[in-house]
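Undergrad: Quick check, what structure comes out for this input:
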Amino acid sequence: RNSLSSNSVISIAESDDGTLWFGTWGGGVNKYDPVREMFTHYKSSGLRKGGLAGNNIFDIRIDDMGILWLSVWDKGLQRFDPVIEAFTDYSLDNKTAPFRLKNKHINFQHEDKKGRLWFGGHDGLEVLDPNNMQVNSVVLNTQNDIYDVMETDDEMFWFATSEGLILYDHETNNNTFSYW
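TA: Okay, here's the model as predicted:
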């Protein structure tokens, strides 16, 4: 069947070559080749080690190398190299990963203006410094679910949470709570 593996699409990303990637609820990752007008499905079998960890993909970020970073619900972060079609797990379960995230429910990924990677979700907020591969938890004044982020021109961060908006200055670790 030349269509999506699930009608419930949660995330979309586009590669530099025009390939479209769709994260679905229950259907894994779908690749759409607009030239050939063909879908390829990447689904978790639940048994195969080294494959997609789960079929609920909340966010897809594509880096400068064309690598996909997948937020896999209840499984954490996975890297997918589309050239060799290989998955790498970055959860606490993978003891050999160069970095590991505690967050198993990642709603968003964000690369800030300084190249740091932010991961927010139902298990808090973490930031990765790719220069030293260090992951730090960022403690906001509440244990909110974090749904999205927007970075301002002056490098302040607005976080959308279950309790309202949080304005955060990473350089000074000051945060202000605003509820609208």
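
Undergrad: which stretches of this structure have low pLDDT?
TA: 1, 47-48, 141-144, 173-180 (pLDDT under 70).

Undergrad: Residue 97: how many residues sit nearby?
TA: Counted with other CB atoms under 10 Å, the neighbours of residue 97 add up to 16. Every residue, glycine included, has its C-beta placed from N, CA and C.

Undergrad: Enumerate every residue touching it.
TA: Taking CB atoms under 8 Å, 6 or more residues apart in numbering, we find residue 97 in contact with 88, 89, 90, 91.

Undergrad: Please pick the buried ones from those.
TA: The neighbour-count test (16 or more other CB atoms under 10 Å) marks 89, 90, 91 as buried among those.

Undergrad: Would you format the contacts of residue 97 as a markdown table with secondary structure and distance to residue 101 included?
TA: Formatted as a markdown table, those follow (DSSP: H, G, I helix; E, B strand; the rest coil; distance: CB to CB, whole Å):
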| residue | secondary structure | distance to residue 101 |
| --- | --- | --- |
| 88 | strand | 13 |
| 89 | strand | 10 |
| 90 | coil | 6 |
| 91 | strand | 6 |
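
Undergrad: Among these, which one sits closest to residue 132?
TA: Closest to residue 132 out of these is residue 90 (15.6 Å), distances taken as CB to CB.

Undergrad: Identify the residues contacting that closest one.
TA: 76, 77, 78, 79, 97, 99, 100, 101.

Undergrad: Please identify which helix or strand holds the second one.
TA: Assigned by DSSP states H and E, residue 77 falls within strand 76-81.

Undergrad: Could you spell out the sheet neighbours of that strand, each with its direction?
TA: Sheet pairing for strand 76-81, assigned by DSSP bridges, gives strand 68-72 (antiparallel), strand 86-89 (antiparallel).

Undergrad: so can I have CSV of the contacts of residue 90 showing distance to residue 39?
TA: Formatted as CSV, the entries for the contacts of residue 90 read as follows, by distance: CB to CB, whole Å:
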residue, distance to residue 39
76, 26
77, 24
78, 20
79, 22
97, 30
99, 32
100, 32
101, 29
